[in-house]
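Asker: here are the coordinates; sequence isn't available:
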């Protein structure tokens, strides 16, 4: 019996010291990342309706620049929370309503054409727009009607469709602002999803332990890395440099592809480090934190080598090679998170659920 007890103690000593108590990092993630980032996104998105109204009243140089800037800021804010594919962002199909991606078959464009052909006025108010296809409701739809293929702002431009386009654009902007507001409020609510994450236990219908709750966050981080590579980069790379399709980069039409990609990766990095996992990491695995930080830095270095707008410049100056190298770096980040680091903390879950492995 004594030998059995000693053996059990030895096994327990080999496990991470706080393997079953991850409430503190979850609390840090909520307070240091999820809440402030969704709040900032809401504040940014709230500027967009005014920018639409201004350019539709006066299509001068300043209002065009202000609209383009507001749109870029809103896209950038979304990119930093895009990986939060659990809780509030998935409720009421908010993510798809904010940004219908990927869209390889051009569903949004086809549906917009039908809207214009029918002069469907149900898209001119937020209330009725919400009942339409999610592809018609968000930033991806606004990009198509507000920018031409060369990245120039055409919203407010004189023509037969001007009034209709302005009304539709305003409804989209107001819809995005309202969704972002409700998203921020849900994360801020101490009795909302935050409480679900922090109250893991036998009575919690979603998470029976804080470990399970943390696995959900980790799954979001890793899924975000996979989506950046598989959905945002690989389709644009094509099967070769000669067959590259830079129009497939997210938000390339409005010249926001590089900022969007950078925001996605920076958001995942900042969210991971907001967890403050160093004290919970076994000493022999602490090196993983520096390695991850290094790899996230490498990813941004490759992005800095790209010259916007990618629709016009991709393939020049080694840009194709930079994106190929970026995909390899993302593979490294995914492996470090889903295998090395998760393993060090004793986490498990569908960390590679989207990549077929």
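Answerer: Sure thing, it's come through. What you are looking at is a predicted structure, and each value in this text was computed from that prediction instead of being measured. Numbers count the residues shown, from 1 in each chain.
Asker: What strand or helix carries the nearest residue to residue 206 once chain neighbours are set aside?
Answerer: With sequence-adjacent residues excluded and distances taken as Cβ to Cβ, 6 or more residues apart in numbering, residue 206 is closest to residue 196, at 5.4 Å. Bear in mind the C-beta positions are built from the backbone N, C-alpha and C, glycine included. Using DSSP states H and E, residue 196 maps to helix 193-198.
Asker: Can you name the element that comes right after that helix?
Answerer: Next along from helix 193-198, by DSSP H and E: helix 210-227.
Asker: what's the helix or strand for residue 327?
Answerer: Element membership for residue 327 (DSSP H and E) is helix 319-335.
Asker: Now for residue 190: which residues touch it?
Answerer: Residues counted as contacts of residue 190 (Cβ atoms under 8 Å, 6 or more residues apart in numbering): none.
Asker: what does residue 340 give?
Answerer: Counted by Cβ under 8 Å, 6+ apart, residue 340 has contacts 285, 288.
Asker: cutoff 6 Å now
Answerer: Applying Cβ atoms under 6 Å, 6 or more residues apart in numbering to residue 340 gives the contacts residue 288.
Asker: can you give me the helices in the stretch 101-250 of the chain?
Answerer: All helices of the stretch 101-250 of the chain, identified by DSSP state H, counting those that start in this stretch, fall at 107-118, 126-129, 139-146, 162-188, 193-198, 210-227, 234-237.
Asker: do you know which of the ones you listed lies nearest residue 69?
Answerer: Smallest distance to residue 69 across these (Cβ to Cβ): 12.7 Å, for helix 139-146.
Asker: Three-state assignment for residue 271, please.
Answerer: Secondary structure, DSSP: H, G, I helix; E, B strand; the rest coil: residue 271 is helix.
Asker: residues near it, how many?
Answerer: Neighbours of residue 271 under the rule other Cβ atoms under 10 Å: 22.
Asker: Any idea how many residues pack against the residue nearest to it when sequence neighbours are not counted?
Answerer: In space, and not counting its chain neighbours, residue 271 is closest to residue 33: 4.7 Å by Cβ to Cβ, 6+ apart. The tally of other residues near residue 33 (other Cβ under 10 Å) stands at 22.
Asker: For residue 33, what are phi and psi?
Answerer: Note on residue 33: its backbone torsions stand at phi -130, psi -60 [degrees, to the nearest 10].
Asker: Let me know the pLDDT of it.
Answerer: pLDDT, residue 33: 98.
Asker: and what of the one 5 residues further on?
Answerer: The score at residue 38 is 98. That number is its pLDDT.
Asker: got the contact list for it?
Answerer: Going by Cβ under 6 Å, 6+ apart, residue 38 touches 81, 183, 184, 187.
Asker: any idea how far residue 305 lies from residue 322?
Answerer: Per Cβ to Cβ, to the nearest Å, residue 305 is found 4 Å from residue 322.
Asker: Same question for the nearest residue to residue 319 once chain neighbours are set aside, what's its three-state structure.
Answerer: Of all residues not flanking residue 319 in the chain, residue 306 sits nearest, at 5.4 Å (Cβ to Cβ, 6+ apart). The three-state assignment at residue 306 reads coil, by three-state DSSP.
Asker: now residue 306: how far from residue 331?
Answerer: According to Cβ to Cβ, residue 306 and residue 331 sit 19 Å apart.
Asker: more crowded one of these two?
Answerer: Taking other Cβ under 10 Å, residue 306 and residue 331 do not tie; residue 306 has more neighbours (23 against 15).
Asker: so what's residue 224 up against?
Answerer: 83, 268.
Asker: and with 7 Å instead?
Answerer: Contacts for residue 224 (Cβ atoms under 7 Å, 6 or more residues apart in numbering) come out as 82, 83, 264, 268.
Asker: didn't the first one look like it was pressed against residue 265?
Answerer: No: here residue 82 does not reach residue 265: they are 10.6 Å apart, not a contact under Cβ atoms under 7 Å.
Asker: circling back: and the helix holding residue 327, what does it pack against?
Answerer: With contacts taken as 3 or more Cβ pairs under 7 Å, 6 or more residues apart in numbering; DSSP states H and E, helix 319-335 sits against helix 210-227, helix 234-237, helix 287-304.
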